[in-house]
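Novice: need a 3D model of the sequence below.
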Amino acid sequence: MRYSKKVIVGFIVLLAALMSPGLVFGDDDLVRVTPQIAVEQAQAFFDDVSDEPVTACDPVKMVNSDGESIGYIVRAKRDDVNYGYVVFDSERSWWISEYCLAPNAPMPIENTSDEIALLASQDDIVALKFDELSFGIADLDNNVVLDEKGCRSTAVFSVGNSRSGSPGRFEDVFVLPKDLYKQGYVIDASKTISGMITPTQSEVIKETGTYACDVSAMFAVSSHYVTLNRLKLPDLYHELWQLSGTSGKPNKSFDQATGLYFTQGETPSPNAAPAIKEFCARRGKRLETSFAWYPSWDSFRATADSGNLSIFSGTLSSSHDAHAMAVAGYVAMHNTYSNDKKYMLVVWDGWFNQLRFLPYDTTIYISHEGTYCGE
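Specialist: Next up, the predicted model:
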């Protein structure tokens with residue numbers, strides 16, 4: 001039997017990792033993942049999927065709200081410039097729970113507010129996973145916890161996990177050996193569509209006094225099909241708000257990043273498709289739009305392959321928070337070691353500027369929906 005050079009190299013890398021003095025087996029044959037190993041795994045992944053040569057560095061330990069160490073966020077740099085990140089999360093079905101590779105892309109914990117970015121630059125901090133889409137940060141020495149919006153959180157870690165060293169210090173990350181990254185991911189197919197206007201949540205709040213993730217997703221998708229004047233965001237955002245039947249919550253919300261109170265909107269998921277269609281029709285563009293409950297990944301891929309955009313929305317099981325994101329593309333890959341196939345969506349989350357590459361893992365949602373556009 002003959003093996004490819006890449007398979008042989010992958011086996012050697014895996015064997016070297018298993019023999020590494022930093023790799024320690026704990027109870028139940030779990031493996032302790034050190035920061036060094038996290039960086040090595042991130043580098044192997046970046047080498048496989050990045051079009052540009054990048055360097056993995058700056059690992060930040062990640063914990064959940066129970067105080068259990070569950071993974072790492074590792075930075076990517078190119079020529080000493082931030083170029084994205086990868087998130088390792090032992091609570092997810094795939095150890096690689098998210099990544100981003102783009103010029104000047106910061107890590108998720110540096111994105112939300114100036115206070116979070118300042119705290120993230122310090123030593124002895126951990127990333128705090130609030131749910132599968134949002135992260136905060138904790139300074140254990142000074143007992144400072146900031147949520148995903150940059151607000152000081154009253155959350156108190158219940159106990160240190162039995163494998164986490166001293167309670168409150170979150171020393172160790174343990175995973176099953178089979179969950180460790182194996183060298184050899186190959187991208188089988190991918191596509192990313194450009195040409196969206198993507199105002200951040202802070203920009204929307206500053207300029208409109210409102211925010212709704214569905215409306216932001218509709219605005220981004222519509223901007224791909226019709227010419228929109230970014231300077232008229234307040235009027236355009238309000239128009240989509242009205243067309244989609246978005247309703248504002250009775251009490252104002254406070255945004256830490258801007259220091260402003262704003263109206264948080266809620267949009268019935270099926271309303272996005274007709275709203276986008278009418279919004280574009282008013283500007284001379286005929287679109288066919290549709291909506292589906294519990295869609296498959298293939299439906300988003302087919303839409304992207306036809307050169308069109310879509311919206312993924314869902315309600316998380318962990319937090320019961322609903323969120324909608326514009327879908328700009330997809331990635332399909334497989335592992336040459338295990339032949340496991342992984343499917344991802346390339347999304348703009350409506351919060352920040354950069355695109356996120358998220359696994360199409362619908363098990364984390366109570367419900368999920370798709371809105372599709374076609375010319």
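
Novice: flag every buried residue along stretch 360-370.
Specialist: 360-361, 364-365, 368-370 (16 or more other Cβ atoms under 10 Å). Where you see a C-beta, it was placed from the backbone N, CA and C, and this is true even at glycine.

Novice: low pLDDT regions in the stretch 101-250 of the chain?
Specialist: 111-124, 140-143, 148-151, 153-171, 181-183 (pLDDT under 70).

Novice: where's Pro274 relative to Val144, distance?
Specialist: 45 Å (Cβ to Cβ, to the nearest Å).

Novice: can you list the domains in this structure?
Specialist: If you go by automatic domain parsing, the domain ranges for the chain are 5-183, 188-374.

Novice: not counting its neighbours along the chain, what's nearest Ser367?
Specialist: Of all residues beyond its chain neighbours, the one nearest Ser367 is Thr315 (5.3 Å), with distances taken as Cβ to Cβ, 6 or more residues apart in numbering.

Novice: before we move on, the earlier item: dump the buried residues of stretch 360-370 to CSV, plus pLDDT, distance to Asp305 and secondary structure.
Specialist: Below are the buried residues of stretch 360-370 laid out as CSV (pLDDT from 0 to 100; distance: Cβ to Cβ, whole Å; DSSP: H, G, I helix; E, B strand; the rest coil):
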residue, pLDDT, distance to Asp305, secondary structure
Tyr360, 97, 15, coil
Asp361, 95, 21, coil
Ile364, 95, 25, helix
Tyr365, 96, 24, strand
His368, 98, 20, strand
Glu369, 98, 20, strand
Gly370, 99, 15, strand
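
Novice: ok, so of the residues you listed, who is nearest Ala292?
Specialist: Gly370 (4.7 Å; Cβ to Cβ).

Novice: show me the beta-bridge partners of the closest one.
Specialist: Note on Gly370: beta-bridge partners by DSSP bridges are Ala292, Phe312.

Novice: residue contacts, it?
Specialist: The contact partners of Gly370, taken as Cβ atoms under 8 Å, 6 or more residues apart in numbering, are 291-292, 295, 299-300, 310-313.

Novice: what about the helices in the stretch 101-250 of the chain?
Specialist: Remark: helices assigned in the stretch 101-250 of the chain by DSSP state H, counting those that start in this stretch are 114-120, 201-208, 213-225, 233-243.

Novice: just the buried ones from the contacts of Gly370?
Specialist: By neighbour count, with 16+ other Cβ under 10 Å, the contacts of Gly370 hold 291, 295, 300, 310-313 as buried.

Novice: end to end, how far does stretch 224-240 reach?
Specialist: Stretch 224-240 has an end-to-end distance of 15 Å (criterion: Cα to Cα, to the nearest Å).

Novice: now do the buried residues in it.
Specialist: By neighbour count with 16+ other Cβ under 10 Å, stretch 224-240 contains the buried residues 224-225, 228, 233, 236-237, 239-240.

Novice: now swap in stretch 247-263 and tell me
Specialist: 248, 255-257, 262-263.

Novice: re earlier: will you turn the buried residues of stretch 360-370 into CSV that also has distance to Ala138?
Specialist: Listed next are the buried residues of stretch 360-370 as CSV, based on distance: Cβ to Cβ, whole Å:
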residue, distance to Ala138
Tyr360, 30
Asp361, 25
Ile364, 22
Tyr365, 26
His368, 30
Glu369, 33
Gly370, 35
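
Novice: the stretch 51-200 of the chain: strands as residue ranges?
Specialist: Assigned by DSSP state E, counting those that start in this stretch, the strands in the stretch 51-200 of the chain fall at 55-63, 69-78, 81-89, 96-101, 125-129, 135-139, 144-146, 174-175, 185-192.

Novice: state the distance from the residue lying closest to His323 once chain neighbours are set aside to Arg78.
Specialist: Closest residue to His323 apart from its sequence neighbours, by Cβ to Cβ, 6+ apart: Cys213 at 5.3 Å. Relative to Arg78, Cys213 is positioned 31 Å away (Cβ to Cβ).

Novice: of the two, which one has the most company?
Specialist: In terms of neighbours (other Cβ atoms under 10 Å), Cys213 is the more surrounded of Cys213 and Arg78; the figures are 24 against 17.

Novice: give the contact list for that one.
Specialist: By Cβ under 8 Å, 6+ apart, the contact set of Cys213 is 322-325, 349-350.

Novice: got TSV for these, with neighbour count too?
Specialist: As requested, these are exported to TSV (neighbours: other Cβ atoms under 10 Å):
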residue	neighbour count
Ala322	19
His323	22
Ala324	23
Met325	26
Asp349	24
Gly350	24
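
Novice: which one of those is nearest to Phe219?
Specialist: Among the contacts of Cys213, and counting by Cβ to Cβ, the member closest to Phe219 is Gly350, at 9.0 Å.

Novice: quick one: that closest one is in a strand?
Specialist: No: looking at Gly350 with DSSP: H, G, I helix; E, B strand; the rest coil, it is coil, so not inside a strand.
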